[in-house]
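Novice: Following is a predicted model, sequence given first.
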Amino acid sequence: MEGSVYDASDGVYRSHRPQIQVPPPHMDIASFLFHNTTQQQQQSPCFANKIAVVDAITGQSLTFSELKRNANSLAAGLAQLGVSRGHVVLILSPNSIHFPVILLAVASIGAILTTVNPLYTSREIAKQIKDSATRLIFTVPPLLNKVQNTGIPVVLIEGSILENIILGISYSDLLSADPSKAPRLQIRQTDTACLLYSSGTTGLSKGVVLSHRNFIAAALQLSVDADLQGIKDEVVLLKLPMFHVYGLAAVLYAHLQKGVTVVTMPKFEFEPMLEAIQKYRVTYLPTVPPVCIAIAKHQGLEKYDLSSLQEILSGAAPLGKEIMEALSLKLPNAKLSQGYGLTESTGVGFILRGQQDTQYFGAAGSLISSLEAKIVDIESGKPLPPTKQGEIWLRGPNIMQGYFNNKEATASTLDDEGWLHTGDLGYINAKGLLFIVDRLKELIKYKGFQVAPAELEALLLSNPFILDAAVVPFPDEKAGQIPHAFVVKSPGKQLSENDVFRFVADQVAPFKKLRKVTFVTSIPKSPAGKILRRQLIEKPLAKL
């Protein structure tokens, strides 16, 4: 099952896994999910009362029947507010049992959901609201101050009666709408379901247009291995943020459409995560390398009953050999998996399922079902055979439609034949396994989050005490990479490292903060004025 087959006649790698069958075009992500779970209810009457999503901290939950009823009620309520096909609805919220309700309700009426990181500042959120032309906002009381002055109507999730009266729109009132009054629209699978903002392959944040077909295909692609292995009665712990494609598409939607119970946490906390695994008998833990490191190094793991855990999937960066070995010792019953994907590929691409053997150290896995890949020489543009390094290209039903209102960025990333140029450098070995070597794109991966150097550089250059600046990734054991700024002071100006740290920290989300500052006399640039980041990364500081 593992492996990717190379065809020398066209230079394309194809998956060993069985092909998926995407459902008829009249099925959107809501109708597809409810069709699947309704079938399971018919096969097992008790399935209707099976928990779909539960909050690990509060115990609040929704059964699959309640999820469907609430989504239909909210769809009817949104339609009464005037939300209709093509309108963008923004959700600014930590993980909750209401997130999937909002996703499915918005999608079912042909509207588009856009998500935003709760850590973003008002300035960052305002940019996304403007770019996406948001019509309505869902948020929670602690985050209200970030959006209440935008001029956009706000629905407060779980707000107090007083707060709802002030805002004029109550989430509970929307949920009380008659579910039978939900609009019955003919939605095409090519219609946009979600607009997820990513730094993409070319720098500043852009709206990634993901269709209903993209979501459905990615969910089916991820289901293939579990179906082949006959895995049943899964319980997945979702501590990854639902605003991110990994949490929203690859975990939440992919598992709900299979009828799997999703245990969600509003924010990541290590001890509560272990308690949730024990309490809810979690079988599957999707996560990122820093959490794997924390588990591997944790001294009190034996206090918790983690025997239910069957698989840990790590994404965003490769796991090191030492961490793999330490995890295997700490959790001998849990198989280790790794994967590679992008927002532009709906979070999926390559996956290596259930491997604890350290011979797979660094491998991102083999191609998922119905996905093709090329490894392309960055100079000649020709496809390369196994073991040769080049840029990774992907093509399949999970690949995005393009960047929202950005033809130039779309054209530079998605070609006429449907190939997504990922901007990542790697190779596929003789066994069909992908290895990521480097990033051609100028992104910093901090604990799984994307940080665009161009955004931080623009911010630094707005400081009158700074003449020039460049930001590059700096290796970090816990975070993977941290933003490292090289700063040229304006003549005659006094500026300390702490001044630079504070200036940036006051204007960006915490994960974008600078973690290292080096003052230099100049920034190396090409004749065309492009920053030579590789020189900053590789040259000894003494020679700068």
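Specialist: Nice, I can see it. Residues are numbered from 1 along each chain as shown.
Novice: Val5 and Ser366 touch, don't they?
Specialist: No. Using Cβ atoms under 8 Å, Val5 is not in contact with Ser366; the gap is 9.5 Å. All C-beta atoms are positioned from the backbone trio N, CA, C, and that covers glycine.
Novice: Give the residues shared as contacts by those two.
Specialist: Common neighbours of Val5 and Ser366, counting by Cβ atoms under 8 Å, 6 or more residues apart in numbering, are Ser15, His16, Gly432.
Novice: rewinding a little: out of Val5 and Ser366, name the residue with the larger neighbour count.
Specialist: Taking other Cβ atoms under 10 Å, Val5 and Ser366 do not tie; Ser366 has more neighbours (26 against 12).
Novice: If that one is in a bridge, with which residues?
Specialist: In this entry, Ser366 is beta-bridged to Ile351, by DSSP bridges.
Novice: My read is that it contacts His16, right?
Specialist: Yes. The pair Ser366 and His16 passes the contact test of Cβ under 8 Å, sitting 6.7 Å apart.
Novice: Kindly indicate the member of the shared contacts of Val5 and Ser366 with the most neighbours.
Specialist: Within these, most neighbours by other Cβ under 10 Å means Ser15, with 25 neighbours.
Novice: From Ala470, how far off is that residue?
Specialist: The gap separating Ser15 from Ala470 is 39 Å, by Cβ to Cβ, to the nearest Å.
Novice: care to break this structure down by domain?
Specialist: The chain breaks down into these domains under automatic domain parsing: 4-21+212-439, 57-187, 444-543.
Novice: Of all these, which one is nearest Leu196?
Specialist: domain 4-21+212-439 (5.4 Å; Cβ to Cβ).
Novice: quick one: buried residues of the helix or strand harbouring Asn498?
Specialist: Assessed by DSSP states H and E, Asn498 sits inside helix 497-505. Under the neighbour-count criterion of 16 or more other Cβ atoms under 10 Å, helix 497-505 has Asp499, Val500, Phe501, Phe503, Val504 buried.
Novice: Would you check how far apart Gln494 and Lys206 are?
Specialist: 37 Å.
Novice: what about the two, which has more around it?
Specialist: Lys206 (26 against 8).
Novice: I'd say the more buried one and Leu196 touch.
Specialist: No. Counting by Cβ under 8 Å, Lys206 does not reach Leu196; the two are 9.9 Å apart.
Novice: Make sure Gly339 is indeed in a helix.
Specialist: No. Gly339: not assigned to a helix; according to DSSP: H, G, I helix; E, B strand; the rest coil it is strand.
Novice: Nearest residue to it in space, please, no chain neighbours.
Specialist: Ile351 (4.2 Å; Cβ to Cβ, 6 or more residues apart in numbering).
Novice: burial measure for that neighbour, as a count.
Specialist: As a burial measure, Ile351 scores 26 neighbours (other Cβ under 10 Å).
Novice: Same check on Glu372?
Specialist: Glu372: 19 neighbours (other Cβ under 10 Å).
Novice: Please apply the same query to the one 10 residues further on.
Specialist: Neighbours of Lys382 under the rule other Cβ under 10 Å: 10.
Novice: and what of the one 5 residues further on?
Specialist: The number of residues packed near Thr387 is 11, by other Cβ under 10 Å.
Novice: Could you do Lys232 as well?
Specialist: Around Lys232 there are 11 residues (other Cβ under 10 Å).
Novice: Check Pro142 too.
Specialist: 10.
Novice: I'd guessed Pro532 sits against Pro524; true?
Specialist: Not quite, residue 532 is Leu, not Pro. Yes. Contact criterion Cβ under 8 Å: Leu532 and Pro524 qualify, at 4.3 Å.
Novice: Overlap in contacts, those two.
Specialist: By Cβ under 8 Å, 6+ apart, no residue touches both Leu532 and Pro524.
Novice: For stretch 374-393, report the contacting residues that lie outside it.
Specialist: 6, 8, 10-13, 373, 395, 419-430, 432, 434, 436-437, 440.
Novice: Which neighbouring elements make contact with the host helix or strand of Leu78?
Specialist: Here Leu78 sits within helix 64-81, counting by DSSP H and E. Using 3 or more Cβ pairs under 8 Å, 6 or more residues apart in numbering; DSSP states H and E, the elements in contact with helix 64-81 are helix 29-43, strand 51-55, helix 98-108, helix 171-175.
Novice: Would you reformat these as TSV and include distance to Gln481, mean neighbour count and mean pLDDT?
Specialist: Formatted as TSV, the helices and strands packed on helix 64-81 follow (distance: least, Cβ to Cβ, whole Å; neighbours: other Cβ atoms under 10 Å; pLDDT from 0 to 100):
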stretch	distance to Gln481	mean neighbour count	mean pLDDT
helix 29-43	33	18	83
strand 51-55	32	21	97
helix 98-108	28	26	97
helix 171-175	38	17	90
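Novice: Of those, give the one that comes closest to Phe243.
Specialist: Ranking the helices and strands packed on helix 64-81 by proximity to Phe243 (Cβ to Cβ) places helix 98-108 first, at 8.7 Å.
Novice: Output the closest one as PDB - backbone C-alpha positions only.
Specialist: Extracted in PDB, the C-alpha atoms of helix 98-108 (Å, rounded to 0.1, in the frame of the first residue of the first chain):
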ATOM      1  CA  HIS A  98     -20.100  25.100  17.500                       C
ATOM      2  CA  PHE A  99     -17.400  25.300  14.900                       C
ATOM      3  CA  PRO A 100     -18.600  22.400  12.800                       C
ATOM      4  CA  VAL A 101     -22.200  23.600  13.100                       C
ATOM      5  CA  ILE A 102     -21.200  27.000  11.700                       C
ATOM      6  CA  LEU A 103     -19.100  25.400   8.900                       C
ATOM      7  CA  LEU A 104     -21.900  23.100   7.800                       C
ATOM      8  CA  ALA A 105     -24.600  25.700   8.000                       C
ATOM      9  CA  VAL A 106     -22.700  28.300   6.100                       C
ATOM     10  CA  ALA A 107     -21.700  25.700   3.400                       C
ATOM     11  CA  SER A 108     -25.200  24.400   3.000                       C
END
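Novice: Which residue lies closest in space to Val288, excluding its sequence neighbours?
Specialist: Gly448 (4.1 Å).
Novice: Report pLDDT for that neighbour.
Specialist: Per-residue confidence at Gly448 stands at 77 (pLDDT).
Novice: That one: neighbour count?
Specialist: Gly448: 21 neighbours (other Cβ under 10 Å).
Novice: Same check on the one 3 residues further on?
Specialist: Neighbour count of Val451, defined by other Cβ under 10 Å: 23.
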